[in-house]
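*Asks:* Following is a predicted model, sequence given first.
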Amino acid sequence: MDLDLIIKNATIVTSTEVLPPGLSIGIQGSKIVAIALSLPCSPSTRVIDAEGAYVTPGGVDSHVHLHQDNAPTGDKWLSGSRSALCGGNTTILAFATQQRTDESLFPVVRDYHARAAGQSFVDYGFHLIVSRPGPHILGGRVAREKMDKEANVDDSEDDNEGELKTMVEQEGITSVKLYMTYPAYRLGDREMLDVMMKCREVGMTVMVHAENADMIDMITTRLLSSSHTQPKYHAVARPQIAETEATYRVISLSTLTATPILIVHMSSPAALSHARKAQSKQMLPIHAETCPHYMFLKSDRLAATSHPFDGHQHSDSPAPEGIDDNEQVDEWAGARHICAPPLRHDDKDLQSVWDAVTNGTITVISSDHAPSQYHNPLGKKKPLDEYESGKTTVKPSFANTPNGLPGIETRLPLLFSAATDPSVTSSATRTLTLPKFVALTSTNPARMYGLAGRKGSIAPGYDADLVVWYPTSRRGAGEGASRDEWPIAITNDMLHHSIDYTPFEGFRVTNWPRYVLLRGQVKWNRELEVKQGPGQGILGRPGDGVFLKRNKGEVLVGRAGGEPEGMRMGERESWM
Ligand code: DUC
Ligand code: ZN
């Protein structure tokens, strides 16, 4: 067996353990074929020396928004996937969004394929955002029920199985995302139940954005009518209780229908404890996702009044060098940190997210990369700019500012640093082990979203998607241009997205992906980037990434099927 590539002297991390140092990973074509202490080298075998460094599976970022119509200044596929690669990701799962005007999902999927085709640096797939779950989509039973109601017909035969089934069987799209908030996408409980029943039947993974829309609507209306419009009121308008209530409700809907769910971007202690209780006491298949911004950032960011937003007003993120403290005052600066759910107020809120990571409540950490530029006529500053320029008389408010943060490139360096250097989180209680880092950022999302056996692990048969980090020996001070002074401060200049800020400006990290391999090819080489300048480390090209037809996802937590409390055995079968 001639190997094409060997990564030697690696310290391999899996989702369960750190393997003994000094192993070699043998790669043939696009696949890992062997792991051993030593592997045979032929004249054509290329060797990369990891120099003892950690090698982890390529990141699987399972929640990213690219080329979305509601974020015209956000990343499209080229810049978003490029940024993903440079931050150690080899697979991203983005969204194909059904608008309320779209009856069928097929044109939606065609459109999103066209947006991504030939543009992605990394492998990718789509989740479907379902905002109009009509009979087309859910199939015969819903179509029949609708007819029964409307025309009192009870014996119509309809063999339409619904588009979701076809999405799974023919398109390789095996997950949906449902919103409980946002007027344009929000589903009522009955619609959620119908979609859940169908997803359970066809084996789709159900992601849910859980916030109570009416609570948010009422508070927002009242805030705006009393001129509380500044970005800091965004966090007031979406209190924890809105997340907590919706979380409890969606767990109930999932329990009733025996449908596994994943609650995305969890941020609140009480919501997390509902998830924890469901998982541990009732053994329910409730998965939870969080994002680095809910682990590292607080709502004081929304009250910022200076630009560039550099974090130097925050005790937990010291000023990077070269930042001028006398920046111009900008009342809108905090809008850069508007996202939903919002950043929470207190250290104890952040701690509850870290605790949920440690105790196993959290199954996945994604970026929820959903950026908009700040200084752009259609970006985060739009409401203020348009008002000040007289283009509109609508008062600028948090409520008409696009939601979402950039984070696709910083997710893995921040979390890897936290896992290898406790001083990064400046707290003894905010801890992450390396195997857990791998599980939550790569292995679990791959398994949950139908990529097990291909992505998310370092083992023979898997795609050779790998991140080689810097070894300790390379992280000393100043021995030539390729040797950084670690830790380094994140600056927006070093990132590869198309966004004019990062919420993590000034955060110190102790490592960064040195090499990233996609299916056996080195596509990112940070040594070159550091030596030769911005963009020079990118060896991949748009179009390297392929669309992944995915299998049905695995349930990683609890088990589906148990009767809800108070229901008699078999009772549910009478309607299920
Ligand atoms: N919240 C969302 O629900 N979607 C994208 C961005 C955000 O902050
Ligand atoms: Zn999102």
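*Replies:* Received the coordinates, thanks. Ligands and ions are numbered 1, 2, ... in the order given.
*Asks:* For the residue in the stretch 51-200 of the chain that ligand 1 sits nearest to, which non-adjacent residue is closest in space?
*Replies:* Among the residues of the stretch 51-200 of the chain, residue 65 lies nearest to ligand 1; the distance is 5.5 Å by C-beta to the nearest ligand atom. All C-beta atoms are positioned from the backbone trio N, CA, C, and that covers glycine. With C-beta to C-beta, 6 or more residues apart in numbering as the criterion, residue 65 has its nearest non-adjacent residue at 4.0 Å, and that residue is residue 370.
*Asks:* same question, residue 297
*Replies:* Setting aside the residues directly before and after it, residue 297 is nearest to residue 343 in space (C-beta to C-beta, 6+ apart), at 5.0 Å.
*Asks:* Could you report the separation of the one you found from residue 380?
*Replies:* Distance check for residue 343 against residue 380: by C-beta to C-beta, to the nearest Å, it reads 15 Å.
*Asks:* who has more neighbours, the two?
*Replies:* More neighbours sit around residue 380 than around the other of residue 343 and residue 380, counting by other C-beta atoms under 10 Å; the figures are 29 against 24.
*Asks:* For ligand 1, see how far away that one is.
*Replies:* When C-beta to the nearest ligand atom, to the nearest Å is the yardstick, residue 380 and ligand 1 sit 12 Å from each other.
*Asks:* you'd agree that residue is up against residue 339?
*Replies:* No: with contact defined as C-beta atoms under 8 Å, residue 380 does not reach residue 339; the gap is 10.7 Å.
*Asks:* Now the common contact residues for those two.
*Replies:* Residues touching both residue 380 and residue 339 by C-beta atoms under 8 Å, 6 or more residues apart in numbering: none at all.
*Asks:* dump the residue contacts of the closest residue to residue 116 other than its chain neighbours.
*Replies:* Spatially, and ignoring its direct neighbours in sequence, residue 116 is nearest to residue 77 (4.8 Å; C-beta to C-beta, 6+ apart). Counting by C-beta under 8 Å, 6+ apart, residue 77 makes contact with 66-67, 115-116, 119-120, 542.
*Asks:* I'd like those written out as JSON lines, with secondary structure and pLDDT added.
*Replies:* Converted to JSON lines, the contacts of residue 77 look like this (DSSP: H, G, I helix; E, B strand; the rest coil; pLDDT from 0 to 100):
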{"residue": "66", "secondary structure": "coil", "pLDDT": "98"}
{"residue": "67", "secondary structure": "coil", "pLDDT": "98"}
{"residue": "115", "secondary structure": "helix", "pLDDT": "98"}
{"residue": "116", "secondary structure": "helix", "pLDDT": "98"}
{"residue": "119", "secondary structure": "coil", "pLDDT": "98"}
{"residue": "120", "secondary structure": "coil", "pLDDT": "98"}
{"residue": "542", "secondary structure": "coil", "pLDDT": "97"}
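*Asks:* By neighbour count, which of those wins?
*Replies:* Neighbour counts for the contacts of residue 77, by other C-beta under 10 Å, peak at residue 66, which reaches 28 neighbours.
*Asks:* For the closest residue in space to that one that isn't next to it in sequence, the count of nearby residues, please.
*Replies:* Here the nearest residue to residue 66 in space, its sequence neighbours aside, is residue 80; by C-beta to C-beta, 6+ apart that works out to 4.2 Å. Around residue 80 sit 33 other residues, with neighbours defined as other C-beta under 10 Å.
*Asks:* Contact partners for the residue of the stretch 151-300 of the chain found nearest ligand 1?
*Replies:* Across the stretch 151-300 of the chain, the shortest distance to ligand 1 (C-beta to the nearest ligand atom) belongs to residue 209, at 5.1 Å. Counting by C-beta under 8 Å, 6+ apart, residue 209 makes contact with 177-182, 264-265, 340.
*Asks:* Show me which helix or strand of the chain is least confident by mean pLDDT.
*Replies:* Confidence across the helices and strands of the chain bottoms out at helix 140-151, with a mean of 61, counting by mean pLDDT, DSSP states H and E.
*Asks:* following it, which helix or strand comes up?
*Replies:* Per DSSP states H and E, the first helix or strand lying C-terminal to helix 140-151 is helix 163-166.
*Asks:* returning to that earlier point: how many residues are close by the residue of the stretch 51-200 of the chain closest to ligand 1?
*Replies:* By the other C-beta under 10 Å criterion, the neighbourhood of residue 65 contains 22 residues.
*Asks:* Report the contact partners of it.
*Replies:* With contacts taken as C-beta under 8 Å, 6+ apart, residue 65 has the following neighbours: 71, 74, 94-95, 368-370, 404.
*Asks:* What parts of this structure come near ligand 1?
*Replies:* For the chain, the residues in contact with ligand 1 (C-beta under 6 Å from any ligand atom) are 65, 209, 339-340, 368, 370, 403-404.
*Asks:* ok, then the element right after the helix ranked longest in the chain?
*Replies:* Among all segments of the chain classified by DSSP state H, the helix with the greatest residue count is helix 240-257. The helix or strand immediately downstream of helix 240-257 is strand 261-263, counting by DSSP H and E.
*Asks:* Output the contacting helices and strands for that following strand.
*Replies:* With contacts taken as 3 or more C-beta pairs under 8 Å, 6 or more residues apart in numbering; DSSP states H and E, strand 261-263 sits against strand 205-209, helix 240-257, strand 286-290.
*Asks:* residue contacts, the residue lying closest to residue 449 once chain neighbours are set aside?
*Replies:* Taking C-beta to C-beta, 6+ apart as the measure, residue 449 lies nearest to residue 553, with 5.1 Å between them; neighbours along the chain are not counted. For residue 553, the contacting residues are 174-175, 203-205, 447-450, taking C-beta under 8 Å, 6+ apart as the criterion.
*Asks:* Among those residues, which pair sits farthest apart?
*Replies:* 204 and 447 (14.9 Å; C-beta to C-beta).
*Asks:* Which one's more surrounded, these two?
*Replies:* Neighbour totals were compared for residue 204 and residue 447, and residue 204 leads with 27 against 23 (other C-beta under 10 Å).
*Asks:* Now do the more buried one against residue 123, distance only.
*Replies:* 20 Å.
*Asks:* Where does pLDDT dip in the stretch 1-150 of the chain?
*Replies:* 141-150 (pLDDT under 70).
*Asks:* Can you show me the strands along it?
*Replies:* The residue ranges that make up the strands of the stretch 1-150 of the chain, judged by DSSP state E, counting those that start in this stretch, are 5-12, 23-28, 31-36, 46-49, 54-57, 59-61, 89-97, 123-129.
*Asks:* list the helices and strands the first one packs on?
*Replies:* Other helices and strands packing on strand 5-12, by 3+ C-beta pairs under 8 Å, 6+ apart, are strand 23-28, strand 46-49, strand 54-57, strand 466-468.
*Asks:* can we see that at 6 Å?
*Replies:* strand 23-28, strand 46-49, strand 54-57 (3 or more C-beta pairs under 6 Å, 6 or more residues apart in numbering; DSSP states H and E).
*Asks:* Most tightly packed of these?
*Replies:* When you average the neighbours per residue for each of the helices and strands packed on strand 5-12 (mean count of other C-beta atoms under 10 Å), strand 54-57 leads with a mean of 26.
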